[in-house]
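A.B. asks: sequence first, predicted model second:
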Amino acid sequence: MRFNVVTVGAVLVATAALGACSSQTHNAQSTAAMSSSAAPTAMQATSTAMPAMSSAMPAMPAAARTGMFQGQGEKHVAGTVRVTGAQLELSNFSSDAGPDLHLYLANGTDETAVAAGKELGRVAFDQATQSFSLSGIDASQYHTVVINCDKAKSVFGSATLA
């Protein structure tokens, strides 16, 4: 939001910010109330000349979520997962070898949750740093990252995202 006055009073800032989020009727009432107050003329002129906030403003990116892998059963999986925007990144990653390891976003760690989740691709058990695209996937709908051996239908490990 741009202001055309160098010094802006706290009341004007609060009124402008709150007014921009409310209905047009409420904006008109706020502007009229401010105009009839004893505020200096420069502040009155600025409040009526300020542009309204548009509903077309871009959404703020979601905060990054991270988790630590843990093995499941007798399997070893370790490392960190980080979900940021359109990327999922593995760091310090290691896993037991498997014939067909894949990475999934899911809402649990059993085979039913994995089947209902989103498969992101093959994962290399011995590559410490790996990245996966989340293009077209709403990662906020999932709270678990799962390493699954698709051939054996066996979960090797998982990380809960926080």
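C.D. replies: Perfect, I can see it now.
A.B. asks: mind giving me the domain split of this structure?
C.D. replies: In the assignment given by automatic domain parsing, the structural domains of the chain cover 10-49, 65-160.
A.B. asks: ranges for the strands of the protein?
C.D. replies: 65-68, 70-71, 77-84, 87-95, 101-106, 118-122, 130-133, 144-149, 154-160 (DSSP state E).
A.B. asks: now tabulate these in a markdown table and tack on mean pLDDT and distance to residue 112.
C.D. replies: All C-beta atoms are positioned from the backbone trio N, CA, C, and that covers glycine. Shown next, in a markdown table, are the strands of the chain (pLDDT from 0 to 100; distance: least, CB to CB, whole Å):
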| stretch | mean pLDDT | distance to residue 112 |
| --- | --- | --- |
| strand 65-68 | 98 | 20 |
| strand 70-71 | 98 | 20 |
| strand 77-84 | 98 | 20 |
| strand 87-95 | 98 | 22 |
| strand 101-106 | 98 | 9 |
| strand 118-122 | 98 | 14 |
| strand 130-133 | 98 | 22 |
| strand 144-149 | 98 | 12 |
| strand 154-160 | 98 | 11 |
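A.B. asks: which of these sits most buried?
C.D. replies: strand 144-149 (a mean of 25; mean count of other CB atoms under 10 Å).
A.B. asks: which helices and strands does that strand pack with?
C.D. replies: Packing partners of strand 144-149 (3 or more CB pairs under 8 Å, 6 or more residues apart in numbering; DSSP states H and E): strand 77-84, strand 101-106, helix 111-116, strand 154-160.
A.B. asks: and these as CSV, adding distance to residue 138?
C.D. replies: CSV is the format used below for the helices and strands packed on strand 144-149 (distance: least, CB to CB, whole Å):
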stretch, distance to residue 138
strand 77-84, 11
strand 101-106, 9
helix 111-116, 14
strand 154-160, 18
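A.B. asks: alright, that wraps it up for me.
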